[in-house]
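Engineer: Quick check, what structure comes out for this input:
(one chain, ligands or ions: 3)
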Amino acid sequence: MNRIAFYLASGCSGCEMSFLDLSERLLDVMDGLEVVWAAPLLMDSKYHDLAELEDRYIDVAFIEGGIKLDEQEEIVRLLRKKSKVLVAFGVCATSGGIPGLSNFHSREEVFETVYRKSVTVDNPDGVYPQTTTLLNGKYELTLPTFYERVVPIDRIVEVDYYVGGCPPHYDHVAKVLEVLKKEPPEKGSWITSGRAVCDVCPRNPVPKGEKIKMMDSVKRVLEIPSDDSCLLEQGFLCFGPASQGDCRAACINVNMSCRGCGGPMPSAGDYGAKVIDFISSLIEKDGVVDEISRAYPSLARLIYAYTLPSALIPGRVRKYHVREVD
Ligand code: SF4
Ligand code: SF4
Ligand code: SF4
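Structural biologist: Ligands and ions are numbered 1, 2, ... in the order given. This is a model prediction of the structure:
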């Protein structure tokens, strides 16, 4: 690996920032690497520069963010053509990430909220962005088309490697680069330690030879853990059993439950289904399920906060109308 590239699609740029989080280690990690194209951040390279490169000129392209616009689809397809190896970098690229939560809504609802209803918006005529606008009657201006749903990049092009995290932990970023330089795994793999958050969690009861306890009640994150035992046992919805632990249990170390930004364990299948599976296996007392529904009225948004576009059902299927009863 020598020539690398970066592209930010439907993400926030936090994944690229995790490279910068390497601080002075960045010099060692990037030794021998040349960034030949990066947009729209880092270098502001132009799309035509990418189009003009020879096919497979780039050794490794890192794509951050899922696909929500036709422009992003076009550039990701182009990067695939120009790169030997393509990495879905961060949970937005692998699984849709937080922008993927918009899949619970139609495009119309997203536009209505963003361009009309938001308190900071001043748009008295309720104008939406148009894909084509004629300026002064003669200049045609264009904007990208906004898709109905966010999709992970492997729905558009073949992905060689997946890296989880929102963003990936900087230590893991260093390891990813090392792996890609020295011994890349089989194509289509996640580059991960292979350990779940529970495996690296200081609250995991299993190493002490104890069995995990059933959940007696449900707690919200604003409550304070009562002791150093497993958060799930204490009633916090912690998704550590299903999530990749390349972050070294960063949230648990500050007494927060895992929300699954590391991405699903490669064996997990549908992430939300896995979460429901292990949570339900810890409930035997009547009333706990009702407590969960009351504490988390939008549970689907919580358990699919990072992975909805990659789920078996990747968004809202239809709108339900509840008939009022007299
Ligand atoms: S994975 Fe997180 S940090 Fe990376 S682009 Fe998406 S939202 Fe930003
Ligand atoms: S469920 Fe959460 S708190 Fe419990 S061991 Fe796993 S990561 Fe740690
Ligand atoms: S503990 Fe979970 S939510 Fe927190 S950084 Fe790690 S994977 Fe992400």
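
Engineer: Can you tell me which residues in the chain are near ligand 2?
Structural biologist: Counting by C-beta under 6 Å from any ligand atom, the residues of the chain close to ligand 2 are 197-198, 201, 203-204, 230-232, 238, 240-241, 252, 258. In short, each C-beta sits where N, CA and C put it, glycine included.

Engineer: Quickly name whichever of the residues you listed is closest to residue 114.
Structural biologist: Ranked by distance to residue 114 (C-beta to C-beta), the residues of the chain next to ligand 2 are led by residue 258 at 29.5 Å.

Engineer: show me where pLDDT drops low in the stretch 201-326 of the chain?
Structural biologist: The stretch 201-326 of the chain contains residues with pLDDT under 70 at 207, 318-326.

Engineer: Mind doing that once more with 80?
Structural biologist: 206-211, 317-326 (pLDDT under 80).

Engineer: coming back round to it: could the residues of the chain next to ligand 2 go into CSV alongside neighbour count and distance to ligand 1?
Structural biologist: What follows is the residues of the chain next to ligand 2, written out as CSV (neighbours: other C-beta atoms under 10 Å; distance: C-beta to the nearest ligand atom, whole Å):
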residue, neighbour count, distance to ligand 1
197, 28, 16
198, 25, 22
201, 24, 21
203, 20, 24
204, 20, 25
230, 22, 26
231, 22, 22
232, 24, 24
238, 27, 20
240, 26, 18
241, 23, 21
252, 25, 19
258, 26, 15
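
Engineer: So which of those reach ligand 3?
Structural biologist: When contact is defined as C-beta under 6 Å from any ligand atom, those meet ligand 3 at 197, 252, 258.

Engineer: got those as JSON lines, with distance to residue 317 columns?
Structural biologist: Output for these, formatted as JSON lines (distance: C-beta to C-beta, whole Å):
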{"residue": "197", "distance to residue 317": "30"}
{"residue": "252", "distance to residue 317": "34"}
{"residue": "258", "distance to residue 317": "28"}
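
Engineer: For residue 89, give its distance to residue 172.
Structural biologist: Remark: distance between residue 89 and residue 172 (C-beta to C-beta, to the nearest Å) = 11 Å.

Engineer: Give me the more crowded residue out of the two.
Structural biologist: residue 89 (33 against 23; other C-beta atoms under 10 Å).

Engineer: Quick check: beta-bridge partners of the closest residue to the more buried one other than its chain neighbours?
Structural biologist: Distance criterion C-beta to C-beta, 6 or more residues apart in numbering; nearest residue to residue 89, sequence neighbours excluded, is residue 62 at 4.3 Å. Beta bridges link residue 62 to residue 6, residue 87, judged by DSSP bridges.

Engineer: ok, residue 261 - how many residues close by?
Structural biologist: Counted with other C-beta under 10 Å, residue 261 comes out at 27.

Engineer: and the closest residue to it other than its chain neighbours, which of the three is it?
Structural biologist: Nearest residue to residue 261, sequence neighbours excluded (C-beta to C-beta, 6+ apart): residue 166, at 3.6 Å. The three-state label given to residue 166 by DSSP: H, G, I helix; E, B strand; the rest coil is coil.

Engineer: I'd say residue 166 and residue 306 touch.
Structural biologist: Yes - Residue 166 is within contact range of residue 306, at 6.1 Å (criterion: C-beta atoms under 8 Å).

Engineer: follow-up on the earlier one: could you name every residue contacting both of residue 89 and residue 172?
Structural biologist: residue 163 (C-beta atoms under 8 Å, 6 or more residues apart in numbering).

Engineer: who touches whichever residue of the stretch 51-200 of the chain sits closest to ligand 2 in this structure?
Structural biologist: Taking C-beta to the nearest ligand atom, ligand 2 has its nearest neighbour within the stretch 51-200 of the chain at residue 198, 3.3 Å off. The contact partners of residue 198, by C-beta under 8 Å, 6+ apart, come to 204, 206, 240, 241, 245.

Engineer: so the last one touches residue 193, yeah?
Structural biologist: Yes - here residue 245 reaches residue 193: they are 6.6 Å apart, a contact under C-beta under 8 Å.

Engineer: the more surrounded of those two?
Structural biologist: Neighbours around residue 245 and residue 193, counted as other C-beta under 10 Å, are more numerous at residue 245. The numbers are 25 against 16.

Engineer: Might you report the residue contacts of that one?
Structural biologist: 193, 195, 196, 197, 198, 199, 200, 201, 262 are the contacts of residue 245 under C-beta under 8 Å, 6+ apart.

Engineer: got these as CSV, with secondary structure columns?
Structural biologist: Output for those, formatted as CSV (three-state DSSP):
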residue, secondary structure
193, coil
195, coil
196, strand
197, helix
198, helix
199, helix
200, helix
201, coil
262, coil
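
Engineer: Narrow the residues of the chain next to ligand 2 to those in helices?
Structural biologist: Among the residues of the chain next to ligand 2, no member falls in helices (criterion: DSSP state H).

Engineer: What is the nearest of those residues to residue 71?
Structural biologist: residue 258 (33.8 Å).

Engineer: Quick one: residues contacting residue 47.
Structural biologist: For residue 47, the contacting residues are 39, 75, 78, by C-beta under 8 Å, 6+ apart.
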